[in-house]
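# Structural data only, the sequence is not supplied:
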């Protein structure tokens with residue numbers, strides 16, 4: 001039974017390798033064949049998860065491979081665990097990805113990037129399942145990076161246009177910056193405890209637990225688009241609607257919250273970190289709610305709505321309401337996937353209703369506006385238009401000085417290059 005766990009993760013990756021190999025070999029598969037192979041891989045993963053579902057009532061299933069390599073005291077082995085926390089998110093992931101695959105077969109029909117889309121979708125499936133089922137942080141890191149790289153490529157899916165590429169670069173920079181937290185946390189855990197498991201932290205002091213917890217929070221903020229790293233999410237809507245549903249409605253945006261749920265024992269040892277999570281979630285919820293009322297396109301409004309809900313999930317995690325946060329995560333994934341996939345039909349229905357009503361549809365969502373003075377509403381509207389000036393602050397006070405330092409170093413290297421070449425010639 002334990003060997004079903006690596007099959008769950010490996011099957012979508014095998015499909016990714018198969019489609020990629022056939023493409024590199026010049027074999028032209030039909031769209032129906034690509035979709036059928038993808039469905040087959042997800043079906044195998046679903047059957048394996050259903051077969052393992054009874055273990056939910058007996059404490060879960062664990063898989064531990066032999067050491068792949070050992071350097072001094074460090075050793076790396078594949079540790080997988082289908083715990084009570086991971087069972088329903090994993091099963092929900094394969095079911096939603098199967099639905100999105102079926103939807104995409106028509107949405108991406110005859111697009112020249114059809115095969116490329118399904119390559120990244122299978123890579124993402126393997127990555128997100130690794131995040132959910134990984135038994136240690138160094139295994140989860142593999143899936144974490146697969147989710148990030150597939151996300152970036154799908155944001156830039158329409159690569160002939162400038163805005164999708166710019167949005168993908170913004171997401172890539174945010175991921176790279178925040179993933180440093182996960183990498184450093186893994187190194188510190190190996191140094192403090194000898195492994196990267198979040199279950200064996202009894203030897204950590206409160207200061208060590210706080211440091212590792214803060215690093216994991218940093219990693220989760222980038223992946224879940226929480227304040228102050230929330231500016232990339234509206235730009236990610238340049239990708240296809242099915243990938244937006246999978247990444248920013250259902251699965252990828254919840255990866256950071258899942259990481260914090262998995263690190264519950266660390267958070268219990270660091271109350272200050274828990275309160276920081278609550279504050280960050282509250283600020284993100286307020287910012288996303290304001291911004292969603294000022295955007296002009298449906299997908300950005302849905303993305304900001306998802307961001308606000310994940311902010312609420314962060315608040316629940318910080319307050320210790322783990323079961324509520326898990327059920328909120330699963331329910332929100334289903335609801336937001338439905339909203340993203342129905343967005344084109346919803347817009348069509350709205351325009352039809354608008355025409356049938358003679359262009360006179362009463363405005364909605366103005367209940368709270370009645371209690372806010374008009375002068376304050378205008379100020380909040382200016383804040384919402386620029387998403388709380390988060391990007392402006394990051395560019396002006398963080399990225400700007402960093403780029404200036406890099407340019408100074410580059411100029412110094414260019415000036416030193418002739419001197420170094422002359423010294424080599426003299427030698």
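Nice, thanks for sending it over. Worth saying up front: this structure is predicted, and the values here are computed from it rather than measured.
# got the contact list for residue 129?
By CB atoms under 8 Å, 6 or more residues apart in numbering, the residues touching residue 129 are 8, 9, 12, 45, 90, 93, 94, 143. From N, CA and C alone the C-beta is placed, and that goes for glycine too.
# correct me, but the fourth one touches residue 14?
No - contact criterion CB atoms under 8 Å: residue 45 and residue 14 do not qualify, at 10.5 Å.
# Nearest to residue 244, out of the contacts of residue 129: which one, please.
Residue 244 lies nearest to residue 93 out of these, by CB to CB, at 16.0 Å.
# in the longest helix along the chain, what counts as buried?
If you go by DSSP state H, the chain has its longest helix at helix 162-193. Of all the residues in helix 162-193, those buried under the rule 16 or more other CB atoms under 10 Å are 164, 167-168, 170-172, 174-175, 177-179, 181-186, 188-190, 192-193.
# can you check stretch 387-400 too?
387, 388, 390, 391, 394.
# Which of the residues you listed sits closest to residue 232?
Residue 232 has its nearest neighbour among the buried residues of stretch 387-400 in residue 391, at 8.7 Å by CB to CB.
# which residues does the nearest residue to that closest one once chain neighbours are set aside contact?
Residue nearest to residue 391 in three dimensions, not counting chain neighbours: residue 231, with 4.0 Å by CB to CB, 6 or more residues apart in numbering. Residues near residue 231 by CB under 8 Å, 6+ apart: 170, 174, 387, 390, 391, 394.
# hmm, back to that, just want to know which of residue 45 and residue 14 has more residues nearby.
Comparing residue 45 with residue 14 by neighbour count (other CB atoms under 10 Å), the higher total belongs to residue 45, at 27 against 16.
# Point me to the helix or strand that includes that one.
Counting by DSSP states H and E, the element that carries residue 45 is helix 31-52.
# just residue 327 next, same as before
helix 322-341.
# Which other helices and strands does that helix contact?
helix 84-107, helix 241-244, helix 255-262, helix 298-318 (3 or more CB pairs under 8 Å, 6 or more residues apart in numbering; DSSP states H and E).
# swap the cut-off to 7 Å and go again
helix 84-107, helix 255-262, helix 298-318 (3 or more CB pairs under 7 Å, 6 or more residues apart in numbering; DSSP states H and E).
# So what's the gap between that helix and the chain middle?
Here helix 322-341 shows a centroid-to-chain-centroid distance of 14 Å under the convention CA atoms, centre = their mean, to the nearest Å.
# list the buried ones in that helix?
By 16+ other CB under 10 Å, the buried positions in helix 322-341 come out as 325, 326, 328, 329, 330, 332, 333, 336, 337, 339, 340, 341.
# how much does that helix deviate in direction from helix 255-262?
Interaxial angle, helix 322-341 versus helix 255-262 (axes from the mean of the first three to the mean of the last three CA atoms, to 10 degrees): 170 degrees.
# got a list of contacts for helix 322-341?
Counting contacts by CB atoms under 7 Å, 6 or more residues apart in numbering, the residues outside helix 322-341 that touch it are 85, 88-89, 92, 96, 103, 241, 244-245, 249-251, 254, 257, 261, 264, 302, 306, 309, 313, 316-317.
# go again using 8 Å as the cut-off
Residues from elsewhere that reach helix 322-341 (CB under 8 Å, 6+ apart): 85, 88-89, 92, 96, 99-100, 103, 241-242, 244-246, 248-251, 254, 257-258, 261, 264, 299, 302, 305-306, 309-310, 312-313, 316-317, 346.
# Could you pick out the buried ones from those residues?
Applying 16+ other CB under 10 Å to those, the neighbour count classes 85, 88-89, 92, 96, 99-100, 103, 241-242, 244-246, 248-251, 254, 257-258, 261, 299, 302, 305-306, 309-310, 312-313, 316-317 as buried.
# what sits against the residue nearest the centre of the chain?
The centre of the chain sits closest to residue 252, judged by CA atoms, centre = their mean, with a distance of 3.1 Å. By CB under 8 Å, 6+ apart, residue 252 lies in contact with 124, 128, 147, 151, 223, 246.
# For PyMOL, write a command that selects the buried ones of the residues you listed.
A single PyMOL command selects the buried members of the contacts of residue 252 (16+ other CB under 10 Å):
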select buried, resi 124+128+147+151+223+246
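# I'd like the contacts of residue 252 written out as a markdown table, with distance to residue 211 added.
Shown next, in a markdown table, are those (distance: CB to CB, whole Å):
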| residue | distance to residue 211 |
| --- | --- |
| 124 | 31 |
| 128 | 27 |
| 147 | 25 |
| 151 | 28 |
| 223 | 20 |
| 246 | 33 |
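# which two from the contacts of residue 252 end up farthest apart in space?
Checking the contacts of residue 252 with CB to CB, the most distant pair is 223 and 246, at 14.1 Å.
# For residue 115, state which of the contacts of residue 129 is nearest.
residue 12 (15.4 Å).
# and the gap between that closest one and residue 260?
25 Å (CB to CB, to the nearest Å).
# just checking, what packs against the one helix or strand residue 62 maps to?
Assigned by DSSP H and E, residue 62 belongs to strand 61-64. Of the remaining helices and strands, those touching strand 61-64 by 3+ CB pairs under 8 Å, 6+ apart are helix 4-24, strand 79-82.
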